[in-house]
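Colleague: return a 3D structure for these sequence lines:
(one chain, ligands or ions: 1)
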Amino acid sequence: MNCPFCDIDEEKTRIVQEGKTYYVALSNPRLVPGHLLIIPKRHMEKASELSEEERREIFDAVIKMQETVLAKFSTGCDIRSNYRPFLKPGWVKVNHLHFHLQPRELEDELYQQSQKFEKELWKELPEEEREKFTQLFS
Ligand SMILES: [Zn+2]
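Modeller: This is a model prediction of the structure:
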């Protein structure tokens with residue numbers, strides 16, 4: 001298996017914190033300055049594969065790191081995790097579960113880049129779609 005998050009020696013210089021079940025590392029590539037990744041030590045693809053202990057420790061770490069970001073240098077912070085098995089692993093796609101923490105400011109670089117598409121992306125919620133997903137998720 002060739003996984004950059006399992007082969008942690010390669011990533012060592014970017015690790016800023018370590019817990020029993022996870023690493024916190026600077027993302028490289030990054031979308032904004034201070035972009036962090038919280039990475040389970042055990043290889044898995046989806047959050048549903050986390051053990052109870054991993055869920056508790058990793059989610060606590062996500063919350064603590066967001067509070068650290070907000071206390072030390074940023075007024076906002078996005079939390080995100082992607083599961084896209086239809087993409088092949090590559091330079092920006094890693095097949096190992098991780099959570100992104102992205103410090104955000106009012107008109108930061110990411111906002112300015114995404115602003116070009118924002119009006120095109122946002123759409124009203126059609127009634128049919130609302131009903132479909134309300135049934136699916138309830
Ligand atoms: Zn891995």
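Colleague: identify the bridge partners of the most centrally placed residue in the chain.
Modeller: Geometric centre of the chain, nearest residue: residue 100, 2.4 Å, by CA atoms, centre = their mean. On the basis of DSSP bridges, residue 100 takes part in beta bridges with residue 37, residue 80.
Colleague: which bits of the chain sit near the ion?
Modeller: With the criterion set to CB under 5 Å from the ion, the chain comes near the ion through 3, 5, 6, 43, 96. C-beta coordinates here come from the backbone N, C-alpha and C atoms, glycine included.
Colleague: just give me the neighbour total for the fourth one.
Modeller: Counted by other CB atoms under 10 Å, the residues lying close to residue 43 total 14.
Colleague: ok, the last one next?
Modeller: For residue 96, the number of neighbouring residues by other CB under 10 Å comes to 17.
Colleague: hmm, back to that, which ones are touching the residue nearest to the centre of the chain?
Modeller: Contact partners of residue 100, counting by CB atoms under 8 Å, 6 or more residues apart in numbering, are 27, 31, 35, 36, 37, 78, 79, 80, 81, 82.
Colleague: many thanks, I have nothing further to ask.
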